[in-house]
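In: please find the sequence and the predicted model below.
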Amino acid sequence: MSTQANADEESQPLLDLQLEPPLNRSLSNVTSQVAIVGSKVCPIESLDYEIIENDFFKQDWRSRGMIQIFQYIFTKWLLCFLIGLIVSLIGFCNNLAVENIAGVKFVITSNMMLANRYGTAFLVFFGSNFVLTLFASVITAYIAPTAAGSGIPEVKAYLNGVDAPGIFTLKTLIVKIVGSITAVSGSLLVGKAGPMVHTGACVAALLGQGGSRKYGLTWRWLRYFKNDRDRRDFVTCGSAAGIAASFRAPVGGVLFSLEEMASWWRSALLWRSFFTTAVVAIMLRALIDVCFSGKCGLFGKGGLIMFDVTSQNTTYHIKDVPPVLLLGVIGGLLGSLYNFLLEKVLRVYSYINGKRPIYKICLACSISIFTSCLLFGLPFLASCQPCPTDASEACPTIGRSGNYKKFQCSPGHYNDLASLIFNTNDDAIKNLFSKDTDTEFQYSSILIFFATCFFLSIFSYGIVVPAGLFVPVIVTGASYGRFVGMLIGSHSNLNHGLFAVLGAASLLGGSMRMTVSLCVIILELTNNLLLLPLIMVVLLISKTVADAFNGNVYDIIMKLKGFPYLEAHAEPYMRQLTVEDVVTGPLQLFHGIEKVGNIVHILRTTGHHGFPVIDERSNCESPVLFGLVLRAHLIVLLKKKAFLTTAVPAGNDALRHFSAGDFEKRGSGNGEKIEEIELTEEEMEMFIDLHPFSNSSPYTVVETMSLAKALILFREVGLRHLLVIPKISNRSPLVGILTRHDFMPEHILGVHPMLIRSRWKRVRFRFPRLLKFL
């Protein structure tokens, strides 16, 4: 497919290590473990999907009967139902609010223009957009900076095992919903689909937290989900529900989660995701039927989830294929250019967003002012066209929706550019996709609209408001797709609306590099199965062409934000290294029965989250590895003060002081801290028996295992710690611990600088030097 060389990494020739000079190892690792979450720099941690098999867990698991197991299964399906129900209601209300707020704005502005009060109309349009954008940026910058952007990179990183603080909190959810509504209503060229994915993930994470002690929701059956494994499943279902609610595409939502979001997948998760999106589809259908009765104000006059964009029998022949291939190539080139320019803009914005909130707000307001001037001023450049005699709707359109906007034209005429640009994004897409309108738009109007959308969508993403990329990319691709259809004219059996659909698919494939999920989403959006072969060809070609230049837009954003995302494949240079080559020290160890003072000292002086536990055996020359104990569990032991006065095993009596709830994982960012625990000098001299609370069967690899092999194990199992043991038994029981950070290319090449010259890279073309200065 792409020109990258990892299609079959087993066939890649490895460097002959016998002919290479010894690896020069750097003394320290210079990479940091922070990332940009939303628009804020935050410390990040890894999630742990491994089951902690200590004595306490085994006793708690054995105590569960058939009733508890049934409660667990039933409640998990019930929570999936609630996720689908809540996300569908949020998606419907989002569209309801945007259609009514933006609709009122356009109706008032159009009425003033009908009265030839153009100056007042511009002030109303400009002022309403400015206020809406200002409100969205203020609540995002001051209340929940993690709600900025689409949220898809953050959710994707979370499903890969990266825990960023604050991305799934209640205030993030509220700001994401309200901010997305106001930003889209304020005519910014941003979409609702990305924020809806983050919204669905937030809903799922909040429901999957298993209750809240703060609000008294601590029933026994809720505690079963207080772990990373179940939360990961719920967040995957929530992200699928978000896409389903955005485009009324339940199957597309499931495939989107599978292809783009999830790093782990299994059949049970497929069933739950499908069930969740089915609930979304049914609820949306029911709510839309209510709106068709006229009870939803302006809602129902437009919007992606309200209309089958095109529903007609499509016939095409072999002569129609070359233009489709051309669209695929154009989409790949433009998609890679789009990603390239977006990366440059985001680097500039990251510098501004790193300052005080007022700078972020000023940037957002500046983009709003520029957007309002373009949207109101550009239609005056287009000439008025006489209304067609066979128009399928009223011409000119008086009000908000419709294909034939009057704008400044005289009676009986319409402004084709205003029908696209002086409109909501959903209505612009509807107009571009519409059938039987082949003579509606002029070449110049389509080109102006394409250039405006292409650059405005790039500059609008990255400001401190909830903003998605799906809809801007769709409307941009649809514009040049329609332009290609206009150029071909009668030489093709496909109408211009179908070319617009294929153009949207090509730019989506060129920018986001998805194939199967995008194909199904577009089919569900257009309700036209006959387009399937053409859409498949366009997506395959656009992705192949774009892969020759750069990566998928969400991967680029994740890299800019600094998320330590583990790819599904290992780069060939990792096979030249063993795990021993990348582990760094010093290694902190605990004895099976450890002094309280030593535990407190190590917890306060290190930031590690896992500590090996060793035992000194009288008949062994070297210590024996017993297991691994987590920082969170050590803090619980210190907080409960279940100490021993002498260094003797506590036995099963130690478990009586604790309940299962003591060791359950709290919500994101709510863990206990060592600084909050106060101990006396006498308590510091006591002991803790760590054996009952240590994971006695952690994943281990021998020190001679290749780093590539260890990466696959680490990612596929979903580990947080991977212990490296020596090959010779009479040495120390542990060589080191591998964490996510140790598999990052920046760390590996920092430890072994000599590998930089031999590092495998994608075979990619480079953009002209002139673009590098942008």
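Out: Yep, it's here.
In: for Leu722, what are phi and psi?
Out: Phi and psi for Leu722, reported as degrees, to the nearest 10, are phi -130, psi 110.
In: likewise the one 3 residues further on?
Out: Here is the backbone geometry of Ile725 (degrees, to the nearest 10): phi -110, psi 160.
In: excluding chain neighbours, give the residue nearest to Ala244 in space.
Out: Take Ala244 and drop its neighbours on the chain: the residue closest to it by Cβ to Cβ, 6 or more residues apart in numbering is Gly253, 3.5 Å away. In short, each C-beta sits where N, CA and C put it, glycine included.
In: that neighbour: how many residues sit nearby?
Out: Using other Cβ atoms under 10 Å, Gly253 is surrounded by 35 other residues.
In: helix or strand: which one has it?
Out: Here Gly253 sits within helix 250-256, counting by DSSP states H and E.
In: mean confidence (pLDDT) on that helix, please.
Out: The pLDDT scores in helix 250-256 average 94.
In: packing partners of the next helix or strand along the chain from that helix?
Out: Where DSSP H and E defines the elements, the next helix or strand beyond helix 250-256 is helix 267-291. Packing contacts for helix 267-291, counted by 3 or more Cβ pairs under 8 Å, 6 or more residues apart in numbering; DSSP states H and E, involve helix 66-114, helix 228-247, helix 250-256.
In: just the ones you listed: most buried one?
Out: With neighbours defined as mean count of other Cβ atoms under 10 Å, those peak in mean count at helix 228-247, which reaches a mean of 28.
In: what angle sits between that helix and helix 267-291?
Out: 30 degrees (axes from the mean of the first three to the mean of the last three Cα atoms, to 10 degrees).
In: run the chain-centre distance for helix 228-247.
Out: In terms of Cα atoms, centre = their mean, to the nearest Å, the centre of helix 228-247 is found 11 Å from the chain centre.
In: that older thread, got the helices and strands packed on helix 267-291 as CSV, with distance to Cys384 columns?
Out: Converted to CSV, those look like this (distance: least, Cβ to Cβ, whole Å):
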stretch, distance to Cys384
helix 66-114, 13
helix 228-247, 34
helix 250-256, 39
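In: nearest to Glu681, of the ones you listed?
Out: helix 228-247 (37.0 Å; Cβ to Cβ).
In: average pLDDT across the closest one?
Out: 92.
In: so what secondary structure elements neighbour it?
Out: Applying 3+ Cβ pairs under 8 Å, 6+ apart, we find helix 228-247 packed against helix 66-114, helix 152-160, helix 193-207, helix 250-256, helix 267-291, helix 516-526.
In: now the helix or strand following the first one: buried residues?
Out: On the C-terminal side of helix 66-114, the nearest following helix or strand under DSSP H and E is helix 118-142. Residues 121-122, 124-126, 128-130, 132-141 are the ones in helix 118-142 that count as buried (16 or more other Cβ atoms under 10 Å).
In: ok, the residue nearest to Ala244 - contacts?
Out: Going by Cβ atoms under 8 Å, 6 or more residues apart in numbering, Gly253 touches Ser239, Ala240, Ala241, Gly242, Ile243, Ala244, Ala245, Phe247, Ser273, Thr277, Val280, Ile521.
In: show me how far the helix holding Gly253 is from its chain's centre.
Out: Taking Cα atoms, centre = their mean, one finds helix 250-256 lying 15 Å from the centre of the chain it belongs to.
In: could you do stretch 258-268 as well?
Out: The answer for stretch 258-268 is 14 Å, by Cα atoms, centre = their mean.
In: residues making contact with that stretch?
Out: Residues outside stretch 258-268 that contact it (Cβ under 8 Å, 6+ apart) are 49, 152, 155-156, 159-161, 197, 232, 236, 239-240, 269-270, 273, 512, 514-517, 554, 566, 568, 715-716, 718.
In: tell me which residues in it are buried?
Out: By 16+ other Cβ under 10 Å, the buried positions in stretch 258-268 come out as Leu258, Glu259, Glu260, Met261, Ala262, Ser263, Trp264.
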